[in-house]
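Q: no letters, just coordinates:
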């Protein structure tokens, strides 16, 4: 039973355009959501997060949107750069939980 | 700060052998985690610890053991290695849980069991 779903395994965009990465979740007890970025042969690194009391969080070129009623979040990268090419993981955490639940990841390729 | 360090980076084991994957963090984090990542899959939690002397099972604990004798170290032990344990293993740590559970990851150990 996958509680965090990233249904598209890959996305390819042109440099300078917008990248939109989607994530759906099934557990209504999740209240904190994170995006991680992973380069080959490295560990995941934290990118941006959002609490369930917000519907948007922005950090430079990265914005995460949360739609609680739809149990859906998305990561927008504007403008996309070739260095953004990586695998992006969506993760969620429940109230008071020590654990994160990860999606399967989506490979983003930004073409010059 | 070195952050989270893992050794070894790569290892090949024969079926039935055992080994310990080392993980150390220098951020004084209370929480530590072991994940495995199989090809095309997300990260699955093996074991975690909320402090020295306290460990608990994650989603896929079978075939593994852990200990947490210090805040800094969280080794993962594989006994009787099996091909199904071929994977990339990541150790992570975090300072607080719950609302702001940002976990910091090590570079991973790529394990092959033949």
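A: Received the coordinates, thanks. Note that the structure is a prediction, hence the values are computed from the model and not measured.
Q: what about the residue nearest to residue A:99 when sequence neighbours are not counted, helix or strand, and which?
A: Of all residues not flanking residue A:99 in the chain, residue B:45 sits nearest, at 6.0 Å (CB to CB, 6 or more residues apart in numbering or on different chains). Just so you know, the C-beta spots here come from the backbone N, C-alpha and C atoms, and that holds for glycine as well. Under the criterion of DSSP states H and E, residue B:45 resides in strand B:43-51.
Q: make sure the residue nearest to residue A:99 is actually in contact with residue B:56.
A: No - taking contacts as CB atoms under 8 Å, residue B:45 lies outside contact range of residue B:56: 9.8 Å.
Q: which one's more surrounded, these two?
A: Between residue B:45 and residue B:56, residue B:45 has the larger neighbour count (other CB atoms under 10 Å in any protein chain shown), namely 21 against 13.
Q: rewinding a little: which element is encountered next along the chain beyond the strand holding residue B:45?
A: Trace forward from strand B:43-51 with DSSP H and E and the next one is strand B:54-57.
Q: for that following strand, give me every contacting residue.
A: Applying CB atoms under 8 Å, 6 or more residues apart in numbering or on different chains, the set of residues contacting strand B:54-57 from outside is B:47-50, B:66-68.
Q: so residue B:106 touches residue B:76, yeah?
A: No - counting by CB under 8 Å, residue B:106 stays clear of residue B:76, with 11.3 Å between them.
Q: would you mind listing the residues touching both of these two?
A: With CB under 8 Å, 6+ apart, residue B:106 and residue B:76 have common neighbours B:23, B:91.
Q: for the two, indicate the residue with more neighbours.
A: residue B:106 (25 against 21).
Q: next one, pLDDT for that one please.
A: Per-residue pLDDT puts residue B:106 at 97.
Q: residue numbers of chain A in contact with chain B?
A: Contact residues (CB under 8 Å from any CB of the partner chain) of chain A with chain B: A:4, A:6, A:9, A:31-32, A:34, A:36, A:41-46, A:49, A:51, A:89, A:93, A:95-100, A:102-105.
Q: so which of those are in strands?
A: Using DSSP state E, A:4, A:31-32, A:34, A:36, A:45-46, A:49, A:51, A:89, A:93, A:102 are the members of the residues of chain A next to chain B that sit in strands.
Q: mind picking the two most distant members of the residues you listed?
A: Within these, two members stand farthest from each other by CB to CB: A:31 and A:45, at 22.5 Å.
Q: what's across from residue 22 in the sheet?
A: You didn't pick a chain, so chain A it is. When bridges are called by DSSP bridges, residue A:22 pairs up with residue A:74.
Q: actually, chain B is the one I wanted.
A: Bridge pairing for residue B:22 (DSSP bridges) gives the partners residue B:7.
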